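Student: can you look at this prediction? I've put the sequence above it.
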Amino acid sequence: IMDGRNKQRKISKTITLILAATLMITMCFGSFETAEAKEKDKVSDVLKCTGDYIYSKVKEPCYGAIGGEWAVYGLKEAGYPVSDNYYKTYKKSVEKAVKEGYRGKPGILHDKKYTEYSRVVFAYGKLDFDPTNVAGYDLLEKLADYDKVKWQGINGPIWALRALDSGGYDMPDAPKGAVQATRNMYIDFILDAQLPDGGWDIASKNADPDMTAMALQALAPYRNKTKVKKATDKALEVLSEIQNANGGYSSGGAANSESCSQVIWALTLLGIDADTDTRFIKGGKSVVDALLTFYDKKTGGFRHVNVAQGGYEAEVNQLATEQAYYALASYKYDVAKARVTKLNAPDKSSLKVTWEKQSTADGYEVTIATDKNFKKNVNKSAVSKNSTVTKTFKSLKSGNTYYARVRAYRNIDGCKVYGDYSAVKKLKM
């Protein structure tokens, strides 16, 4: 009897320990999920409050680096609800500036700084306005003047490419007598300026996070080119190396929010998650975490620095706020994982793939192959309409088993940013 009781006690004790361990695991994983959810909600809450802040401060957006192009770009990217005339007000301001002209010369925004044209064209691309007819003047044409664009050094070609790709514009004809630019000429200019350590800067011989990130942004749509990929990989290595211990970045000796913003934007355009990629996590903190340390909860704005230095106080800064906003807007706009709903064969040599529509997608990439690892007889097709949810592949071999998967994508400044692949489905023809 005693042996039986002892065995029963041991069994009861074992069950109790198992239940306790199970409870602990559940509690732990539950807390992880909650923390992750809270982090996502935190970014969403920041976007909402920062959008409110910018919209309240920039009541009438106008041509200019502050309260102008970056503000309207961010609000549009974030899908922030603005009044019917808000973006039209910005457009009228640009038209007024063009009519008045730089130093009284109509049609000229600046005689040297061609980034003035790039910034406007970039915003127009996001807002679907026509940069070839701004109060009767063609601002896009300015970006075809190679010598004038590169006068500013690396900044010129970087932002010329960013502007051209923002609306998918063809390279226009250069003004009469000017050197005709091409996209490849601007790409080569940027690549030739890459420093030995893999980064970029205007004057220094060492990588600066802002300039390196901006160069990567410009190169992102061309990263499938061999020479661009090589330069990109090297630049990503140095960006990881120069990241601060708290996940942030410093430029000019000061840890600042704008550097974080530019890096987040670059990583997003390259299809890299700035919050989870281990290359950009230091001390357990990502560059997204670091950017959020500059956030001011009371106002919804962002600080340039958290410690007064370099003539800047640790207070909300409008430019820092606008840059943080558009970076987080691009980062947070998740592309949902696609889901294949059906595979069928309309005939002996055709395969029809059907998937679920994703509201946040601009298009889809559909891939089929004759093996589950998608190495054999691979056939890819891009679907450029959000509303199209079927694709039929023809001239296939009867008797083969075909595997299919789909992923959705968003177009951001000329780059396709992809979501996760769907689960794989298969069908024997």
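Tutor: Received it, and whenever you're ready, just let me know what you need.
Student: who's in contact with the nearest residue to Ala324 once chain neighbours are set aside?
Tutor: Excluding the flanking residues, the one nearest Ala324 by C-beta to C-beta, 6 or more residues apart in numbering is Phe302, at 4.2 Å. C-betas here are computed from N, CA, C, even on glycine. For Phe302, the contact set (C-beta atoms under 8 Å, 6 or more residues apart in numbering) comprises 50, 257, 291, 294-296, 316-317, 320-321, 323-325.
Student: same check on Gly300?
Tutor: By C-beta under 8 Å, 6+ apart, Gly300 lies in contact with 46, 49-53.
Student: among those residues, which one sits closest to Lys76?
Tutor: The closest of the contacts of Gly300 to Lys76 turns out to be Gly51 (C-beta to C-beta; 11.0 Å).
Student: could you check how many residues crowd around the closest one?
Tutor: 20 (other C-beta atoms under 10 Å).
Student: now it. Nearest residue, chain neighbours left out?
Tutor: Nearest non-adjacent residue to Gly51, counting by C-beta to C-beta, 6+ apart: Tyr80, 4.3 Å away.
Student: could you do Gly414 as well?
Tutor: Nearest one to Gly414, counting by C-beta to C-beta, 6+ apart, is Asp165 at 2.8 Å.
Student: the one you found and Cys415, how far apart?
Tutor: In this view, Asp165 and Cys415 are 8 Å apart by C-beta to C-beta, to the nearest Å.
Student: who has more neighbours out of those two?
Tutor: Neighbours per residue (other C-beta under 10 Å) separate Asp165 from Cys415, with Asp165 holding more: 23 against 20.
Student: so who does that one touch?
Tutor: Asp165 neighbours (C-beta under 8 Å, 6+ apart): 125, 221, 413-415.
Student: by neighbour count, which of those residues wins?
Tutor: Neighbour max across these (other C-beta under 10 Å) = Asp413, 25 neighbours.
Student: what residues are up against that one?
Tutor: Residues counted as contacts of Asp413 (C-beta under 8 Å, 6+ apart) are 122, 125, 162, 165-166, 217, 220-221, 269.
Student: let me have the residues you listed in a markdown table, extended by pLDDT, secondary structure and distance to Gly419.
Tutor: As requested, the contacts of Asp413 are exported to a markdown table (pLDDT from 0 to 100; DSSP: H, G, I helix; E, B strand; the rest coil; distance: C-beta to C-beta, whole Å):
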| residue | pLDDT | secondary structure | distance to Gly419 |
| --- | --- | --- | --- |
| Phe122 | 97 | helix | 25 |
| Gly125 | 94 | helix | 23 |
| Arg162 | 97 | helix | 23 |
| Asp165 | 94 | helix | 21 |
| Ser166 | 92 | helix | 22 |
| Gln217 | 97 | helix | 20 |
| Ala220 | 95 | helix | 17 |
| Pro221 | 94 | helix | 18 |
| Leu269 | 93 | helix | 15 |
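Student: from these, which single one is nearest Leu351?
Tutor: Comparing the contacts of Asp413 against Leu351 with C-beta to C-beta places Pro221 closest, at 30.7 Å.
Student: separation between the closest one and Asn256?
Tutor: For Pro221 relative to Asn256 (C-beta to C-beta), the value is 27 Å.
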